[in-house]
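A.B. asks: Sequence plus predicted model, see below.
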There are 2 protein chains.
Amino acid sequence: MSDYYTPSQVSERFGISLDTLRYYEREGLLSPVERAPSGHRRYRRGDVELLDLIRCLRDTDMPIATLRSFAELVRAGDPTIPDRVELLQRHDDQLTARIATLIERRAAIKHKIDYYRGVIGAAEEDERAASETVARA
Amino acid sequence: MSDYYTPSQVSERFGISLDTLRYYEREGLLSPVERAPSGHRRYRRGDVELLDLIRCLRDTDMPIATLRSFAELVRAGDPTIPDRVELLQRHDDQLTARIATLIERRAAIKHKIDYYRGVIGAAEEDERAASETVARA
DNA sequence: ATGCCACCTGGAGCGCACTCCAGGTCAAGC
DNA sequence: GCTTGACCTGGAGTGCGCTCCAGGTGGCAT
């Protein structure tokens, strides 16, 4: 209910370590976060929202450098919205391509698994046949 | 039409550098490749087939260490086929999960893009309204 | 006063997957 | 015989994204 979040709260919420959180700030993914008089960080709603998007982009393998560019656009204000759209759109295109190849590769892997299962099945039949022969003998 | 491939042929075919090819061999992903009397590598059909699978797994982010385990199973012969199936199945599960989260994240990104597009649209309307006002004045 | 805890800083270190390099060899072509 | 080109080796270097560490501070509880 407070209007800020402590580092550990943010860390827990996003499953990001405190070190990573500070690292993101150092790298310019977040603008310098407000501080309490003690020097401790106080994350505002806005920080958390940006972080949410950053996590989303990071989870989809956007490199830190690109994320920084994006963050710079955000800091530069509303006139950069078209640039942000462009950046996100490019990322989305890459992501879509990536998903497509992952799905293709998965099909190939499944195919290989099926092939192996076939080999196992054939071997089992051989075994069964062999034990029948023994039984008959 | 020859029964072997040179390093550069393999490199080109898979889009892998010569260095990476040697690296994979050093790391035990390929068993030591045959050599010409000159010492140059001669990749056999079997090497190329294994490489094809390795690429497929690597493309789907299987770590080198896991790939090595898989290669060791292959080298150990047919009795390890069930273990190979297990390993591939685990990878396939992870891959499926990964694809699912990528798709989720992509939806979130698209949502953000749409939001931004909405903002742009609204801004354009404002502009239009403003210029109308000017015209009227 | 004493602990303790959450957090701070600058900077070093790590794991992964390559990637590059120097110096050398062999086979073929001029 | 000399060059060229494809390839060889061992080992060092790179880029990325964290991750860890030592040493320190402020505020609260006992």
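C.D. replies: That came through, no problem.
A.B. asks: So which bits of stretch A:102-122 are buried?
C.D. replies: A:102, A:105-106, A:108-109, A:112-113, A:116 (16 or more other C-beta atoms under 10 Å in any protein chain shown). C-beta coordinates here come from the backbone N, C-alpha and C atoms, glycine included.
A.B. asks: For A:D3, which three-state class applies?
C.D. replies: When classified by DSSP: H, G, I helix; E, B strand; the rest coil, A:D3 comes out as coil.
A.B. asks: That one and A:R44 touch, don't they?
C.D. replies: Yes. A:D3 is in contact with A:R44 according to C-beta atoms under 8 Å; the separation is 7.3 Å.
A.B. asks: ok, back up a step: quick check, nearest of the buried residues of stretch A:102-122 to DNA strand D?
C.D. replies: A:L102 (18.3 Å; C-beta to the nearest atom of the strand).
A.B. asks: Let me see the contact set for that closest one.
C.D. replies: B:59-60, B:95, B:98-99, B:102 (C-beta atoms under 8 Å, 6 or more residues apart in numbering or on different chains).
A.B. asks: let's see it at 7 Å
C.D. replies: A:L102 is in contact with B:60, B:95, B:99, counting by C-beta atoms under 7 Å, 6 or more residues apart in numbering or on different chains.
A.B. asks: Equivalent analysis for A:F70, please.
C.D. replies: Applying C-beta under 7 Å, 6+ apart, we find A:F70 in contact with A:84, A:87.
A.B. asks: report the longest helix in chain A, please.
C.D. replies: helix A:81-136 (DSSP state H).
A.B. asks: can you give me how far that helix is from the chain middle?
C.D. replies: The chain centroid and the centroid of helix A:81-136 are separated by 21 Å, computed with C-alpha atoms, centre = their mean, to the nearest Å.
A.B. asks: so does that helix get close to DNA strand D?
C.D. replies: No. Against DNA strand D, helix A:81-136 shows no contacts by C-beta under 7 Å from any atom of the strand, the least distance being 12.5 Å.
A.B. asks: A:D3 and A:R44 - which one has more neighbours?
C.D. replies: The neighbour comparison of A:D3 against A:R44 (other C-beta atoms under 10 Å in any protein chain shown) goes to A:R44, with 13 against 7.
A.B. asks: Next, count neighbours for the residue lying closest to the more buried one once chain neighbours are set aside.
C.D. replies: Excluding its sequence neighbours, the residue lying closest to A:R44 (C-beta to C-beta, 6 or more residues apart in numbering or on different chains) is A:Y4, at 5.8 Å. As a burial measure, A:Y4 scores 16 neighbours (other C-beta under 10 Å).
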